[in-house]
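Asks: I need the structure of the sequence given here:
(4 chains)
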Number of protein chains: 2
Amino acid sequence: MPKKSAPGTRKRGTPRIDADRLAAWRAFLELHHRVTVALSEELESEADLPLPWYDVLVQLEEAPDGRRRMQDLADGVLFSPSGLTRLVDRMERAGLVTRTPYPGDRRGAYAVLTDAGRARLKATAGVHLRGVREHFADRLDDADAATLGRILTSMLEPGSGPPS
Amino acid sequence: MPKKSAPGTRKRGTPRIDADRLAAWRAFLELHHRVTVALSEELESEADLPLPWYDVLVQLEEAPDGRRRMQDLADGVLFSPSGLTRLVDRMERAGLVTRTPYPGDRRGAYAVLTDAGRARLKATAGVHLRGVREHFADRLDDADAATLGRILTSMLEPGSGPPS
DNA sequence: CTACAATAATTGTTGCTGCAACTACTGGAG
DNA sequence: CTCCAGTAGTTGCAGCAACAATTATTGTAG
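Replies: Residues are numbered from 1 along each chain as shown, chains lettered A, B, ... in the order given. Below you'll find the model as predicted:
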């Protein structure tokens, strides 16, 4: 087995990615696609709820008083501000959330979970959680779950990566 | 520390996901979002090429004769058939690919990489690969890269998960 | 107090995406 | 040979997303 590039000695600026990392990258993309498509389909067909709606419900459920600033919520569900405005519009029409003013800054608004929204979340959480387990969590043994969590979390840290 | 559920003895059907797996799941989503957004923005701003276009170019470049059936290509770039039709339409208008008939089955069509397409890929691959390294690959040390690849790949296998 | 840059949210516009329906073609059953 | 279910690809349609511009509000500098 000829060594292609000794670990840690790859020339700076060379746009090459070794086999391990490329395999990890491709598997990462493939897995994400498969899981999110499956979760989305299952939630929609079995609970008649679009996945982004579910994400909003969860974010609000977890927040104190079941309410969150539009902006924060956009960050939480990985949406653009405009996208969130429309999403909340639809959910408000469906009675799952309400907008209430943010005290102390009349520009701001809270999205607030309604009782109907809370009930809807309760009714659909099972479907989603089963999906997450089936397509993701249960495919990990305990050791791998811990390891995967550690690695992915470390990759999210700002300082992650080589000193450059 | 009270044990919530001894590993491997969680009751069947309980829709609960332990902390490690939940953390891994959330980090997985967050990382995917960050990386894909960053890659997409960089490729678009620095190379003026939408990420899906790049994916098509790569798939074709890697295929024998730089050609691939529409259907296969759709699978490769994780697109629906109709989405791929439109995508190839646009790329064909831009001169990066052509359609040629599939010999032996007049329903079928190849998408074929043009010289311009090959050149465009060559010109833009650096930007993309740098991004993949910066936002993903270089955040892994060698051991973690191998481990991550192993775990993610195993999760893609059909038989993955509990015997159930 | 007034002007004005910055911020929160929304709206106008445009483009992309998928589902379902459709066309064209294939290959096997009768 | 003819029929017809199945397949490859495309198109009609509708929904969803982001970007840029807009509105309303804030707080800071002069």
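Asks: so is A:Leu49 in a helix, a strand, or just coil?
Replies: coil (DSSP: H, G, I helix; E, B strand; the rest coil).
Asks: I'd like to know how many residues surround A:Thr100.
Replies: 11 (other CB atoms under 10 Å in any protein chain shown). Every C-beta, even on glycine, is put in place using the N, C-alpha and C of the backbone.
Asks: got it, and A:Leu73?
Replies: 23.
Asks: swap in A:Thr124?
Replies: For A:Thr124, using other CB under 10 Å, the count is 18.
Asks: got the contact list for it?
Replies: Neighbouring residues of A:Thr124 by CB atoms under 8 Å, 6 or more residues apart in numbering or on different chains: A:Leu43, A:Ala47, A:Leu49, A:Tyr54, A:Leu57.
Asks: A:Leu113 now?
Replies: A:Leu113 touches A:Leu57, A:Leu60, A:Glu61, A:Gly66, A:Arg67, A:Leu96, A:Val97, A:Leu121, counting by CB under 8 Å, 6+ apart.
Asks: include pLDDT when you put the contacts of A:Thr124 into CSV, please.
Replies: Output for those, formatted as CSV (pLDDT from 0 to 100):
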residue, pLDDT
A:Leu43, 93
A:Ala47, 93
A:Leu49, 95
A:Tyr54, 97
A:Leu57, 97
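Asks: out of the residues you listed, grab the one that's most surrounded.
Replies: A:Leu57 (25 neighbours).
Asks: ok, for it, nearest residue in space, not its chain neighbours?
Replies: A:Leu121 (4.1 Å; CB to CB, 6 or more residues apart in numbering or on different chains).
Asks: that neighbour reaches A:Trp53, doesn't it?
Replies: No - judged on CB atoms under 8 Å, A:Leu121 makes no contact with A:Trp53 at a distance of 9.5 Å.
Asks: and the two? Which one has more around it.
Replies: For A:Leu121 and A:Trp53, the more surrounded residue by other CB under 10 Å is A:Trp53, and the numbers stand at 25 against 21.
Asks: now the more buried one: closest residue in space, sequence neighbours ignored.
Replies: A:Met91 (5.9 Å).
Asks: the worst-scoring helix or strand of chain A on mean pLDDT near DNA strand D at all?
Replies: Scoring the helices and strands of chain A by mean pLDDT, DSSP states H and E places helix A:19-47 at the bottom, with a mean of 92. No - if you take CB under 7 Å from any atom of the strand as the test, helix A:19-47 misses DNA strand D, and the best it gets is 9.8 Å.
Asks: name the residues that touch the following helix or strand past that helix?
Replies: Toward the C-terminal end, the helix or strand that comes next after helix A:19-47 (DSSP states H and E) is helix A:51-62. Here helix A:51-62 makes contact (CB under 8 Å, 6+ apart) with A:36, A:39-40, A:43-44, A:66-68, A:73, A:76-77, A:79, A:87-88, A:90-91, A:96-97, A:111-113, A:117-118, A:120-121, A:124, A:128.
Asks: go with 6 Å
Replies: With CB atoms under 6 Å, 6 or more residues apart in numbering or on different chains as the test, helix A:51-62 has contacts from A:40, A:43, A:66, A:68, A:73, A:76-77, A:87, A:91, A:113, A:117, A:121, A:128.
Asks: now render these as JSON lines, adding distance to A:Asp18.
Replies: Below are the contacts of helix A:51-62 laid out as JSON lines (distance: CB to CB, whole Å):
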{"residue": "A:Ser40", "distance to A:Asp18": "33"}
{"residue": "A:Leu43", "distance to A:Asp18": "37"}
{"residue": "A:Gly66", "distance to A:Asp18": "47"}
{"residue": "A:Arg68", "distance to A:Asp18": "42"}
{"residue": "A:Leu73", "distance to A:Asp18": "40"}
{"residue": "A:Gly76", "distance to A:Asp18": "35"}
{"residue": "A:Val77", "distance to A:Asp18": "35"}
{"residue": "A:Leu87", "distance to A:Asp18": "40"}
{"residue": "A:Met91", "distance to A:Asp18": "45"}
{"residue": "A:Leu113", "distance to A:Asp18": "47"}
{"residue": "A:Gly117", "distance to A:Asp18": "47"}
{"residue": "A:Leu121", "distance to A:Asp18": "44"}
{"residue": "A:His128", "distance to A:Asp18": "36"}
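Asks: what does chain A have sitting close to DNA strand D?
Replies: Near DNA strand D, when you scan chain A using CB under 7 Å from any atom of the strand, you find A:50, A:52, A:78-83, A:86-87, A:90, A:105-107.
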